[in-house]
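Engineer: with the input below, show me the fold.
(one chain, ligands or ions: 2)
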Amino acid sequence: MSSDLISSNPEIARQIDPPEIAFADELAFLAVYDDGPRPPGWRLSPSAVVTFVLGSDGALTSGRERMTITPKYVGDRRLVERCVVTLAGSRGLLLVGEPGTAKSMLSELLSAAICGTSGLTVQGTAGTTEDQLRYGWNYALLLAEGPSQNALVPSPVMTAMRRGGIARIEEITRCLPEVQDALVSVLSERRLSVPELGEDTVYASPGFALIATANLRDRGVSEMSAALKRRFNFEHIDPIADRSAEIDLVTRRTQTALTEAGTPMSVDAAVIDVIVTIFRDLRTGHTAEGWSVERPSTVLSTAEAVAISTAVAMTGAWFPGRGDRLRDIPGQLLGVVHKDDADDAARLLGYWDVAVKRRSDEGASGSPWRTLWEARDLLERPR
Ligand SMILES: Nc1ncnc2c1ncn2[C@@H]1O[C@H](COP(=O)(O)OP(=O)(O)O)[C@@H](O)[C@H]1O
Ligand SMILES: [Mg+2]
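Structural biologist: Ligands and ions are numbered 1, 2, ... in the order given. Sure thing, here's the model as predicted:
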């Protein structure tokens, strides 16, 4: 591999910065701003962790510095507080919910704030082995030297134990239950023995904790062993409940994407309003007006709403003169909805015939719903 492909090169921009880098200034500020008691091994006080995750109410002042902490995760403050309390205790934290509800994002933000890194991560898959949760070996060294500390390859979990940091296990329920169970002793005894090295045991330093995420659409949490379940506190993460909070988030994300793409445009509020409305109607199966609509089987998460809104905005920025941006929505929606189930396209048409049509009939001539209704044929043609 040519050396300029190695991503640790600081000259090369990263597509996505982890939160400990993206928000390094906020983390440094909060560490000074809130000098309240911290659980052993923590970089910030529990209340500063919550402020980092949810954002501050206005600017905070510390000495001569002032800083506004940006809102990141949008959700219930009490839920975030409970997560923080769990992580200061002896149980693991399991975030459970539909895909796209910011479980991974929340786990990264908590890890970055508490221990300074979100990078000690194991991505769970059907092929995840116990080694990836405990430790493995560098086989060349193992053969040359026999078992030694040098030849040991620690898992992110073992590294987190040594450093007193947070290890994140993504999509834990995709791992086989027997493999998941490697975490039972880690969570209960707080140590990992390495029998190949005789007496060597890795003990968890203060601050060590685990955050796992699980998607409800994967193999169920119910298959997790009772022993492991008991060692986690479960938190259910729901889609954003508040409509205006969801609109704000989608607007912010779309604006960021436009800025990052170097397109000096502002977001179109009407387009975002329409997208979020459609997503919320289809997610819940009923509209604000009280009409029922059939829910597609595909997940219509905020993450997908952000993706569509960004795509529509980019299309407008890169291909100006194409006319109304609202006409790009049906094609993008089909792209989301067509993933799992062919019948979902029919459900989308059904939504158009019930909700979009009625809003178009009732709306004024400039109503976006009228434009969308006129674009109904775009849902029927292959894209
Ligand atoms: N409640 C929320 N607060 C902030 N961002 C959210 C929220 N819900 C969804 N998102 C958006 O969705 C994206 C994907 O979330 P992600 O953490 O990958 O979800 P999950 O792990 O639950 O599948 C986030 O980066 C963010 O843009
Ligand atoms: Mg995830």
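
Engineer: can you give me the buried ones in stretch 304-323?
Structural biologist: 304-317 (16 or more other C-beta atoms under 10 Å). (Glycine included, C-beta is placed from N, CA and C.)

Engineer: which positions in this structure make contact with ligand 1?
Structural biologist: 73-75, 97, 99-105, 213, 240, 249, 253, 302-303, 306 (C-beta under 6 Å from any ligand atom).

Engineer: dump the buried residues of stretch 304-323 into TSV; add pLDDT as well.
Structural biologist: As requested, the buried residues of stretch 304-323 are exported to TSV (pLDDT from 0 to 100):
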residue	pLDDT
Glu304	92
Ala305	94
Val306	94
Ala307	93
Ile308	94
Ser309	95
Thr310	93
Ala311	92
Val312	92
Ala313	91
Met314	90
Thr315	89
Gly316	86
Ala317	85
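
Engineer: among the residues you listed, which ones are in helices?
Structural biologist: Of those, the ones assigned to helices by DSSP state H are 304-317.

Engineer: between these, which sits nearest ligand 1?
Structural biologist: Ligand 1 has its nearest neighbour among these in Val306, at 5.0 Å by C-beta to the nearest ligand atom.

Engineer: which strand or helix spans the nearest residue to the closest one once chain neighbours are set aside?
Structural biologist: Leaving aside its sequence neighbours, Val306 sits nearest to Arg253 (C-beta to C-beta, 6 or more residues apart in numbering; 4.5 Å). Per DSSP states H and E: Arg253 is located in helix 243-260.

Engineer: and the residue in the stretch 151-300 of the chain positioned nearest to ligand 1, what is it in contact with?
Structural biologist: Nearest residue of the stretch 151-300 of the chain to ligand 1, counting by C-beta to the nearest ligand atom: Ile240, 4.8 Å away. Ile240 is in contact with Val74, Gly75, Glu246, Leu249, Thr302, counting by C-beta atoms under 8 Å, 6 or more residues apart in numbering.

Engineer: which of the three states applies to it?
Structural biologist: Secondary structure for Ile240, judged by DSSP: H, G, I helix; E, B strand; the rest coil, is coil.

Engineer: look up how far His286 lies from the closest residue in space to it that isn't next to it in sequence.
Structural biologist: Nearest non-adjacent residue to Ile240, counting by C-beta to C-beta, 6+ apart: Glu246, 4.3 Å away. Using C-beta to C-beta, to the nearest Å, we find Glu246 at a distance of 16 Å from His286.

Engineer: the more surrounded of those two?
Structural biologist: Glu246 (22 against 15; other C-beta atoms under 10 Å).

Engineer: quick one: Tyr33 from Met67, how far?
Structural biologist: Where Met67 is concerned, Tyr33 sits at a distance of 8 Å (C-beta to C-beta).

Engineer: report pLDDT for Val184.
Structural biologist: pLDDT recorded at Val184 is 94.

Engineer: typed the wrong thing, it's Arg219
Structural biologist: Looking at Arg219, the pLDDT reads 68.

Engineer: what's the answer for Pro71, then?
Structural biologist: 95.

Engineer: number of residues surrounding it?
Structural biologist: Neighbours around Pro71, by other C-beta under 10 Å: 15.

Engineer: residues touching the residue lying closest to it once chain neighbours are set aside, list them.
Structural biologist: The spatially closest residue to Pro71, leaving aside those adjacent along the chain, is Gly55, at 3.1 Å (C-beta to C-beta, 6+ apart). Gly55 is in contact with Thr68, Ile69, Thr70, Pro71, Lys72, counting by C-beta under 8 Å, 6+ apart.

Engineer: ok, so of the residues you listed, who is nearest ligand 1?
Structural biologist: Among the contacts of Gly55, and counting by C-beta to the nearest ligand atom, the member closest to ligand 1 is Lys72, at 6.5 Å.

Engineer: packing partners for the worst-scoring helix or strand of the chain on mean pLDDT?
Structural biologist: Least confident helix or strand of the chain, by mean pLDDT, DSSP states H and E, is helix 329-337 with a mean of 89. With contacts defined as 3 or more C-beta pairs under 8 Å, 6 or more residues apart in numbering; DSSP states H and E, the packing partners of helix 329-337 are helix 269-284, helix 302-318, helix 343-351.

Engineer: got CSV for those helices, with distance to Gly220 too?
Structural biologist: Formatted as CSV, the entries for the helices and strands packed on helix 329-337 read as follows, by distance: least, C-beta to C-beta, whole Å:
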stretch, distance to Gly220
helix 269-284, 21
helix 302-318, 22
helix 343-351, 23
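
Engineer: can you give the domain ranges for the protein?
Structural biologist: Dividing the chain into domains by automatic domain parsing, as the record does, gives the ranges 3-237, 243-379.

Engineer: could you pull out the strands for the stretch 101-250 of the chain?
Structural biologist: 121-123, 135-137, 152-154, 166-170, 191-193, 201-203, 209-215, 232-237 (DSSP state E, counting those that start in this stretch).

Engineer: can I get those in CSV with mean neighbour count and mean pLDDT?
Structural biologist: Formatted as CSV, these follow (neighbours: other C-beta atoms under 10 Å; pLDDT from 0 to 100):
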stretch, mean neighbour count, mean pLDDT
strand 121-123, 19, 97
strand 135-137, 17, 96
strand 152-154, 17, 96
strand 166-170, 26, 98
strand 191-193, 16, 93
strand 201-203, 15, 93
strand 209-215, 26, 96
strand 232-237, 18, 96
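
Engineer: which one of those lies closest to Asp344?
Structural biologist: strand 209-215 (18.6 Å; C-beta to C-beta).

Engineer: rewinding a little: and the residue nearest to Pro71, how close does it get to Lys72?
Structural biologist: 6 Å.

Engineer: distance between stretch 208-215 and the chain's centre?
Structural biologist: 12 Å (C-alpha atoms, centre = their mean, to the nearest Å).

Engineer: could you do stretch 263-273 as well?
Structural biologist: 23 Å.

Engineer: buried residues, it. List them.
Structural biologist: Within stretch 263-273, the residues that count as buried by 16+ other C-beta under 10 Å are Val267, Asp268, Val271, Ile272.
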